[in-house]
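**Student:** for reference, the sequence and a predicted model appear below.
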Protein chains: 2
Amino acid sequence: MNKVVLDAVGGDHGPAECLAGVALALQKGFVQPSNLILTGPVDEVAAAVRTQGLEGKGLAIVDAPDVLTDTDTPTEATRKKPRNSIMLGIQEVREGRAGAFVSAGSTGTVVAAATLGLGCLEGIRRPAIGAIIHGEKNPFLLLDVGANPQPKVHHLAQYALMGSAYYGGTFGIPNPKVGILNIGSEELKGNPLVREARALMKQMPIHFHGNVEGVELYSGECHVVVTDGFTGNVVLKVSEGLAEYLVRTMFGLMQKSGVEPERMGAVKHGIIPRIDFSEYGGALLLGVKGCVTICHGRSRAPAFANAIRFACRAMDAKVNDHIVQAARACELPQAEPNA
Amino acid sequence: MNKVVLDAVGGDHGPAECLAGVALALQKGFVQPSNLILTGPVDEVAAAVRTQGLEGKGLAIVDAPDVLTDTDTPTEATRKKPRNSIMLGIQEVREGRAGAFVSAGSTGTVVAAATLGLGCLEGIRRPAIGAIIHGEKNPFLLLDVGANPQPKVHHLAQYALMGSAYYGGTFGIPNPKVGILNIGSEELKGNPLVREARALMKQMPIHFHGNVEGVELYSGECHVVVTDGFTGNVVLKVSEGLAEYLVRTMFGLMQKSGVEPERMGAVKHGIIPRIDFSEYGGALLLGVKGCVTICHGRSRAPAFANAIRFACRAMDAKVNDHIVQAARACELPQAEPNA
């Protein structure tokens, strides 16, 4: 099943922006209209479909009348508003009517709905959000960037295996280098979580590199970098903020020093893709039974289009099959080392 | 007592670089030679003094024959090599022969030696490393950037108070805005450590802003941003690596697109200070009885010179008096909320 469900009301800019993304994805041939399902309050979604001139194209809409707000916690969303666009989207995947779900809605709610609704893959206890980021040498996968802000040691070990399988499958690199984000290069550095996870990872059937210091992250020397969801989320968001600030400042300085517009255009053309944290379209929630793509809340139309393409590719790449195979091939830690 | 002790063998580049920094500091008038004390193996340090043509200037050397290596843990350094340049430097401060200590040696060893050797200020249980960083609107203080990778809730609360007193005193801003680094703007976001610390900070006599998301950090909107030493260290080092990578990439693109050297020079002149994480010269170890400045291991001469100036200014600003006053003015949490 290669249909994609899009949460048509997720994100900061509402259904108009989501549907502009759909129009772009269709125009670029990323997906066929008959392979797209939209969730959201039907009137609102249908209006946005019409605005984009997409009526009669065969887009399916699943009515999700319960509207989530920023203040709804994942628990409230699940209990009090069960007919929301996220839960009904996940239901399409669970019941086999689609293979992938894409949302720019609340990350916490998507993670909770996917974990409860789809369940975890064999051998995996908790999912992780994996973000593919431009590095200097290679793209690298940072996980977890926010599914679980307080993971346990064995969760991190499972992330390492999932990340290795995912990166290897996606980029055709059989034994990607896996590291753990830490505050020094020495073995004993860091907090107990990182030290114990590092010890476990050393024994796993992955190409384990050891510690990755913050300053090395963007080299892309390590293909997969494991961290807890708190640190990963902070790192990703600090990077976005810093990159935008620096690039904006440099263009200001270029303009001030009289660099010609064409030359500034050429520089812009080269740098923007590198700091576009949505270029890969979204981050995959690794470890659940299904293909769930989490987009940035502030996603614009191009980001939604990329996310749809990304979800289609992830289905084609059979990411979950790779993860399950890798998990079966080893005894993945299932509890705390001292438990 | 306004003498500064410099660990003359700390850092990746050895005594030659430290003494080049001393020469620069003397030349720029940051310090008088009679106010500088150097620690390290006396022959090695004296040779570096001669190389810089500084013999006969009145620089004092305290012989510290025990040489630390990268593999020495703080415990080993303390027990097996007690006559090292860090411990003897701290001893100068403890015994009142100097007011400040500056080192680019192992952060862990400096923190341990200072905490044990000098003790903590009244009301403070654990010190924090505070780094002053260029933000878009304002410089901001990030703490802790690595003294304690696993702090408790009341430690974070104490960091908030120390940071507020330090920033206020340094920049002449009476009520600096204090925030806590978190993975979302909502009250319930984050892990238990952050949520509980946030609740404590709300009750403290500081201008508490609430959560600071990663993407907002470099705006400088919050003057003081509190985080645990693991996350803080990762954020600081990721920022360094990303900034260098982006700026290098942009200069490459500018060159490729034919931007004139003078114009590139003007841009460089504007951007380099913003990404120079050593411009403020070092990070202060807040909370110990004395003025301890921790420099980057890869510090070069200008960074050492700035660190010496920074240490002199911190002594003049009476940072510790501000912290003790602020701590006396409130009931600072001294144990876990649930303990």
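**Tutor:** The structure has been received and is ready for your questions. Bear in mind that the values here come from a model prediction, so they are computed numbers and not experimental data. Numbering: from 1, shown residues only, chains lettered A, B, ... in the order given.
**Student:** every contact and neighbour count from this point should use C-alpha atoms.
**Tutor:** Will do.
**Student:** what sits against the closest residue to residue A:153 other than its chain neighbours?
**Tutor:** Nearest residue to residue A:153, sequence neighbours excluded (C-alpha to C-alpha, 6 or more residues apart in numbering or on different chains): residue A:197, at 5.1 Å. Residues near residue A:197 by C-alpha atoms under 8 Å, 6 or more residues apart in numbering or on different chains: A:153, A:154, A:156, A:157.
**Student:** give me the sheet partners of the strand or helix carrying residue A:292 and which way each runs.
**Tutor:** Counting by DSSP states H and E, the element that carries residue A:292 is strand A:291-294. Paired strands of strand A:291-294, with direction, are strand A:100-103 (parallel), strand A:283-286 (antiparallel) (DSSP bridges).
**Student:** buried residues in the next helix-or-strand element following it, which are they?
**Tutor:** Using DSSP H and E, the helix or strand that follows strand A:291-294 towards the C-terminus is helix A:301-316. Of all the residues in helix A:301-316, those buried under the rule 16 or more other C-alpha atoms under 10 Å in any protein chain shown are A:301-312, A:314-315.
**Student:** near chain B, which residues of the stretch 101-250 of chain A are found?
**Tutor:** Within the stretch 101-250 of chain A, the positions near chain B by C-alpha under 8 Å from any C-alpha of the partner chain are A:136, A:146, A:149-150, A:181-183, A:186, A:190-191, A:213-219, A:230-231, A:233-243, A:245-247, A:249-250.
**Student:** so which of these are in strands?
**Tutor:** A:181, A:182, A:213 (DSSP state E).
**Student:** of those residues, grab the buried ones for ChimeraX.
**Tutor:** In ChimeraX syntax, the buried subset of those is picked out as below (16+ other C-alpha under 10 Å):
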select /A:181,182,213
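**Student:** so where's chain A shaky on pLDDT?
**Tutor:** Low-confidence segments of chain A, defined by pLDDT under 70: A:1, A:278-281, A:336-339.
**Student:** please, where are all the helices along it?
**Tutor:** A:14-27, A:42-51, A:74-80, A:85-94, A:107-118, A:153-171, A:192-202, A:229-256, A:261-275, A:301-316, A:319-328 (DSSP state H).
**Student:** quick one: buried ones out of the residues of the stretch 101-250 of chain A next to chain B?
**Tutor:** Of these, these count as buried by 16+ other C-alpha under 10 Å: A:136, A:146, A:149-150, A:181-183, A:190-191, A:213-219, A:230-231, A:233-243, A:245-247, A:249-250.
**Student:** and the contacts of stretch A:130-137?
**Tutor:** Against stretch A:130-137 from outside (C-alpha under 8 Å, 6+ apart): A:139-145, A:163, A:217-221, A:274-275, A:277, A:280, A:282-286, B:245.
**Student:** and if we set it to 7 Å?
**Tutor:** Here stretch A:130-137 makes contact (C-alpha atoms under 7 Å, 6 or more residues apart in numbering or on different chains) with A:139-145, A:218-221, A:274, A:277, A:280, A:283-286.
**Student:** before we move on, the earlier item: using TSV, lay out the strands paired with strand A:291-294 together with distance to residue A:118 and mean neighbour count.
**Tutor:** TSV is the format used below for the strands paired with strand A:291-294 (distance: least, C-alpha to C-alpha, whole Å; neighbours: other C-alpha atoms under 10 Å in any protein chain shown):
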stretch	distance to residue A:118	mean neighbour count
strand A:100-103	11	29
strand A:283-286	12	27
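**Student:** export the ones you listed as JSON lines, with columns for distance to residue A:3.
**Tutor:** Output for the strands paired with strand A:291-294, formatted as JSON lines (distance: least, C-alpha to C-alpha, whole Å):
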{"stretch": "strand A:100-103", "distance to residue A:3": "7"}
{"stretch": "strand A:283-286", "distance to residue A:3": "16"}
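**Student:** give the contact list for the spatially most central residue of chain A.
**Tutor:** Taking C-alpha atoms, centre = their mean, the centroid of chain A lies closest to residue A:283, which sits 1.1 Å from it. Counting by C-alpha under 7 Å, 6+ apart, residue A:283 makes contact with A:129, A:130, A:131, A:132, A:293, A:294, A:295.
**Student:** how far away is the nearest residue to residue A:48 once chain neighbours are set aside from chain B?
**Tutor:** Take residue A:48 and drop its neighbours on the chain: the residue closest to it by C-alpha to C-alpha, 6+ apart is residue A:16, 5.4 Å away. Distance of residue A:16 to chain B, computed by C-alpha to the nearest C-alpha, to the nearest Å: 25 Å.
**Student:** for residue A:51, same thing?
**Tutor:** Separation of residue A:51 from chain B (C-alpha to the nearest C-alpha): 32 Å.
**Student:** then residue A:258?
**Tutor:** Distance check for residue A:258 against chain B: by C-alpha to the nearest C-alpha, it reads 7 Å.
**Student:** ok, now residue A:208?
**Tutor:** Distance check for residue A:208 against chain B: by C-alpha to the nearest C-alpha, it reads 20 Å.
**Student:** residues near that residue, how many?
**Tutor:** By the criterion of other C-alpha atoms under 10 Å in any protein chain shown, residue A:208 has 21 neighbours.
**Student:** now it: closest residue in space that isn't a chain neighbour?
**Tutor:** residue A:178 (4.9 Å).
**Student:** related to what we said a few turns ago, turn the helices of chain A into JSON lines, including distance to residue B:332.
**Tutor:** What follows is the helices of chain A, written out as JSON lines (distance: least, C-alpha to C-alpha, whole Å):
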{"stretch": "helix A:14-27", "distance to residue B:332": "45"}
{"stretch": "helix A:42-51", "distance to residue B:332": "52"}
{"stretch": "helix A:74-80", "distance to residue B:332": "34"}
{"stretch": "helix A:85-94", "distance to residue B:332": "44"}
{"stretch": "helix A:107-118", "distance to residue B:332": "33"}
{"stretch": "helix A:153-171", "distance to residue B:332": "33"}
{"stretch": "helix A:192-202", "distance to residue B:332": "27"}
{"stretch": "helix A:229-256", "distance to residue B:332": "26"}
{"stretch": "helix A:261-275", "distance to residue B:332": "42"}
{"stretch": "helix A:301-316", "distance to residue B:332": "46"}
{"stretch": "helix A:319-328", "distance to residue B:332": "48"}
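**Student:** let me see the contact set for residue A:23.
**Tutor:** By C-alpha under 7 Å, 6+ apart, the contact list for residue A:23 reads residue A:52.
**Student:** so the residue nearest to residue A:48 touches residue A:50, yeah?
**Tutor:** No - checked against C-alpha atoms under 7 Å, the pair residue A:16 and residue A:50 is beyond contact range at 10.1 Å.
**Student:** compare those two (neighbour count), which wins?
**Tutor:** Set residue A:16 next to residue A:50 and count neighbours by other C-alpha under 10 Å: residue A:16 wins out with 20 against 12.
**Student:** and the residue of chain A positioned farthest from its centre, how far from residue A:246?
**Tutor:** Here the centre of chain A is the reference, and by C-alpha atoms, centre = their mean the most remote residue is residue A:258, at 39.6 Å. Going from residue A:258 to residue A:246 by C-alpha to C-alpha, to the nearest Å gives 18 Å.
**Student:** try residue A:282
**Tutor:** Noted for residue A:282: a distance of 23 Å to residue A:246, by C-alpha to C-alpha.
**Student:** on that earlier part again, tell me the bridge partners for the residue nearest to the centre of chain A.
**Tutor:** As for beta bridges, residue A:283 partners with residue A:294 under DSSP bridges.
**Student:** circling back: tell me how many other residues surround the residue nearest to residue A:208.
**Tutor:** So residue A:178, with other C-alpha under 10 Å, has 26 neighbours.
**Student:** just checking, it touches residue A:222?
**Tutor:** Yes - with contacts counted by C-alpha under 7 Å, residue A:178 reaches residue A:222, the gap being 5.8 Å.
**Student:** now do the same end-to-end measure for stretch A:175-189.
**Tutor:** 26 Å.
**Student:** OK, contacts around residue A:121?
**Tutor:** Residue A:121 is in contact with A:287, A:288, A:289, A:324, counting by C-alpha under 7 Å, 6+ apart.
**Student:** now flag whichever of those is closest to chain B.
**Tutor:** Using C-alpha to the nearest C-alpha, residue A:287 comes nearest to chain B of the contacts of residue A:121, at 21.3 Å.
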